[in-house]
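Chemist: Structure of the sequence below:
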Amino acid sequence: MTAIKHALQRDIFTPNDERLLGIVNVCKAGKKKKNCFLCATVTTERPVQVKVVKVKKSDKGDFYKRQQTWELRDLTQVDAKDASKENPEFDLHFEKVYRWLASSTAEKNSFISCIWKLNQRYLRKKVEFVNVSSQLLEESVPSGESQSVAGGDEDALDDYQELSTREEQDIEGMMEMCEYAISNAEAFAEKLFKELQVLDGANIQSIMASEKQVNILMQLLDEALGEVDTIEGKLSSYEEMLQSVKEQMDQISQSNRLIQISNTNNGKLLDEIQFLVNYMDLSKGHIRALQEGDLTSPKGIEACINASEALLQCMNVTLQPGHDKLMAVKQQQLLFADLRDTFARRLTNHLNNVFVHQFNHFSHFKMTIPQFYRSSCLSLPGHDQSSTLSQHTAELTLPKHSPLHRDLLRYAKLMEWLKNTHREKYEGLSRTYVDYMSRLYEREIKDFFEVAKIKMAGTSKEAKGKFATLPRKESALKQETESLHGSSGKLTGSTSSLNKLTVQGSNSRRSQSSSLLDMGNMSASDLDVADRTKFDKIFEQVLSELEPLCLAEQDFISKFFKLQQHMTVTPPLAQPETEELDGSTPSRMPPQTEHRQSLSSEKDMVRLMMNKIFQSIETELNSLIALGDKIDSFHSLYMLVKMSHHVWTAENVDPASYLSTTLGNVLVTVKRNFDKCISGQIRQMEEVKISKKSKVGILPFVTGFEEFAELAETIFRNAERRGDLDKAYVKLIRAVFMNVEKVANESQKTPRDVVMMENFHHIFSTLSRLKISCLDAERREAKHKYTDHLQSYVINSLGQPLEKLNHFFEGVEARVAQGVREEEVSYQLAFNKQELRKVIKEYPGKEVKKGLDNLYKKVDKHLCEEESLLQVVWHSMQDEFIRQYKHFEDLIGRCYPGSGITMEFTIQDMLEYFSSIAQSH
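Modeler: All right, here's what the predicted structure looks like:
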């Protein structure tokens, strides 16, 4: 093994600047025996790198080659398999487990010992050794002696010192002086040994010769020791003196420390007393303001606000542990509690009196003006109270409560103080305010809507008397547009919601004056553009009055009751609901979550207060909408546009606000009425009956759809709910198409093609003029139907003036279709040249003109004057007649060639016939 070790060191490791410290002959456990060597090496250069190298003998020669290398730092565990028995197997755990079988247990133990030493020296015990006897590891502790090859080599590595340059030069000099230094190394070594003995003897003699000097040196050392003893005695006396001084200084230091502690305690006591005096003392002026301050004058209110804030600061001061046990502190706290209760009681009583006074002030001017207004429908003359309910209702306006709000807002800071100190009284004031204001608003809103209903009913009655003389003009449509788009108000904020209510009597019968069948005959209908414009203005005025009223009240509630600014309190109106929803004590949540829930709860409080105060708004709005829909179902178009705009504006500000929620609920009712209006028009189309004795002409629901579309386009211009109108358009136009065909099929007086042609021409003209984008497909379909039925009517009518000629050439075409050659048709008995001449002679120019004149009169009887299609039809007939003439001429040329047979009239004659007939009529 030693020879192998030297060979490996020379051939493999020395060229790589490595030293071989341990080696073991192994093979892989459980496989065919292929011996190799595991070597533990270190590099000769710093920093030292420790490696485990697998070396294998080449198959083709006696040299060795490096097969695999592992860093020792990657080794995690060495498993010797059995610590008590001899077992040559062992495992090395690198990135995976390598199982080895050593050639002998001694080699395995020697290699493991080498690995353990390298681990101790370079890796600081990183590798874990399992199933290795402790005795083996103890023997491997570096002690100057080596029990194994690996240990000896490692100690040799520790003792090895590289020769310096000076030493190398000296050795080279000695070797040059000896001729046989290289040829006979043993003789050279013996010579050096003898010279070393000579030098050692000389050294010993030199030491013996210096004995006298040594004795002198020892004597000097004894004298020095005596001097040292003397100095030590002096140092001991000095130490005793210093010890006395130290004791005295300790006493002085102890006294100073006690004085310092006393001064510190006095300073802290002074700070505590100063803190209590500064933060637990309330001035006499503040106490007087809390007990007797005037709550009616601005100065008195300001003094009470300052005093209440000072009291709150004194009560909320953070006391140090033990302060609450001081008698003076207890007395001050009792005084503060008494002042708080006294002022809270005074403030609550005063604000209750203010609420009652303001309620009585507004209620004092309530009059029975709606009963008087029912008969007059005019503003009251000579009434001096400009802000009373009577004048507001006569002018369809709601009273402004800004004076009340302005008066109460002076107490906003005191309400905040009450909210933070006396929640029960704060909640009681909230309930009192809501109770009084709900009664006041209920009266005002009820009277306001009653006047609005009277105005609506009054405009409908006035329209019946004057409508017969009022024509429908474009200026009226323009007036509608200005009404629709010039009076929409803007919202600035709102919070609350109301429950949905159904409209009573929403299934009542609609007025027949709102039918599409009657819209084409406006002079005989109750509907009037001006009347509808007045309704639109009234409805817009109602919404415009409600919005600022709700917004002002909401803004006042937020400011006066100090909501959405501080941590929330339990809302007086929401407390039962909260207990029902969650009866358990809420757990502690993070500050951000608490803040968000606080804002949400305060918004709910505002919304619930608004809901209680304005609980009658939704009911009154639904009642007003039901009345407008009963007067004229087409009012739903106006209401849908107005309500949609106001809802859209409110939702842009706050989707969950009281106003947006309430108007959204009402919008559902308006949309339902609009859908019923459309369904009613479709039902009336299906029930239409036509006269059997007169020609049909343009159907009333076709002209009615035109009027409806014009009105709707005017109303819905730039409206937010355009999609609802587009859906209604599609339903109506499909119903119009279906019922036009139904009437055309049932018509007896007027041909089906004429009914279809005229009505679809009218529909196409209407859709082209109005340019309704959602009906582009229906417009193209109407044009197609109009064109098809025009062509069908022209072809069927033109068969009558030249009936025999048509029949003759139809027979000729039939023979050709049966396979008869065209030039042989003239040999057919029924279609020879004589028969052709006979038929042509029956239609001279004068006879043709007479037949066309009769045809013109018949077409004139079929067509209605209002659509003006006579000339269009007559021109189409002229084109068709010329086409037939050319067709006949072509058949004569092909089937009767060289016969010289021609028609009795020419194309120019036909053009003159058509022109003269059209001019004569």
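
Chemist: so what secondary structure elements neighbour the strand ranked longest in the chain?
Modeler: Across the chain, the strand with the greatest residue count (assigned by DSSP state E) is strand 18-28. Under the contact definition 3 or more Cβ pairs under 8 Å, 6 or more residues apart in numbering; DSSP states H and E, strand 18-28 sits against helix 2-8, strand 36-43, strand 97-102, helix 105-118, helix 149-159. No exception for glycine: its C-beta is placed from N, CA and C like everyone else's.

Chemist: Dump the ones you listed into JSON lines; add distance to residue 616 as well.
Modeler: Below are the helices and strands packed on strand 18-28 laid out as JSON lines (distance: least, Cβ to Cβ, whole Å):
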{"stretch": "helix 2-8", "distance to residue 616": "108"}
{"stretch": "strand 36-43", "distance to residue 616": "98"}
{"stretch": "strand 97-102", "distance to residue 616": "87"}
{"stretch": "helix 105-118", "distance to residue 616": "96"}
{"stretch": "helix 149-159", "distance to residue 616": "103"}
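
Chemist: shouldn't residue 856 be in contact with residue 874?
Modeler: Yes - counting by Cβ atoms under 8 Å, residue 856 sits close enough to residue 874 to count as a contact (6.6 Å).

Chemist: give me every residue that touches the spatially most central residue of the chain.
Modeler: Central residue of the chain (Cα atoms, centre = their mean): residue 655, 14.4 Å from the mean position. When contacts are counted by Cβ atoms under 8 Å, 6 or more residues apart in numbering, residue 655 is found next to no other residue.

Chemist: SS state for it?
Modeler: Classification of residue 655 by DSSP: H, G, I helix; E, B strand; the rest coil places it in coil.

Chemist: biggest helix in this protein, by residue count?
Modeler: With DSSP state H setting the assignment, residue counts place helix 211-279 as the longest helix in the chain.

Chemist: Against residue 765, how distant is residue 622?
Modeler: 40 Å (Cβ to Cβ, to the nearest Å).

Chemist: Ok, residue 294 next?
Modeler: In this structure, residue 294 and residue 765 are separated by 80 Å, where distance is defined by Cβ to Cβ.

Chemist: The two - which one has more neighbours?
Modeler: For residue 294 versus residue 765, the count of surrounding residues by other Cβ atoms under 10 Å is larger for residue 765: 16 against 13.

Chemist: what about that one, helix or strand, and which?
Modeler: Under the criterion of DSSP states H and E, residue 765 resides in helix 752-770.

Chemist: So which elements touch that helix?
Modeler: Here helix 752-770 is seen to pack against helix 700-715, helix 722-746, helix 776-798 when contacts are counted using 3+ Cβ pairs under 8 Å, 6+ apart.

Chemist: is it possible to export these to a markdown table including distance to residue 3?
Modeler: Formatted as a markdown table, the entries for those read as follows, by distance: least, Cβ to Cβ, whole Å:
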| stretch | distance to residue 3 |
| --- | --- |
| helix 700-715 | 114 |
| helix 722-746 | 102 |
| helix 776-798 | 105 |
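
Chemist: Quick one: residues contacting residue 843.
Modeler: 802, 804-805, 903-905 are the contacts of residue 843 under Cβ under 8 Å, 6+ apart.

Chemist: and what of residue 709?
Modeler: Contact partners of residue 709, counting by Cβ under 8 Å, 6+ apart, are 729, 766, 770, 772.

Chemist: Residue 444 touches residue 401, doesn't it?
Modeler: No - in terms of Cβ under 8 Å, residue 444 does not count as a neighbour of residue 401; the distance is 9.3 Å.

Chemist: Could you tell me which residues touch both of those two?
Modeler: Residues touching both residue 444 and residue 401 (Cβ under 8 Å, 6+ apart): none.

Chemist: Would you map out the domains in the protein?
Modeler: Structurally, the chain divides into domains by the TED database as follows: 1-136, 284-369, 688-799, 811-920.
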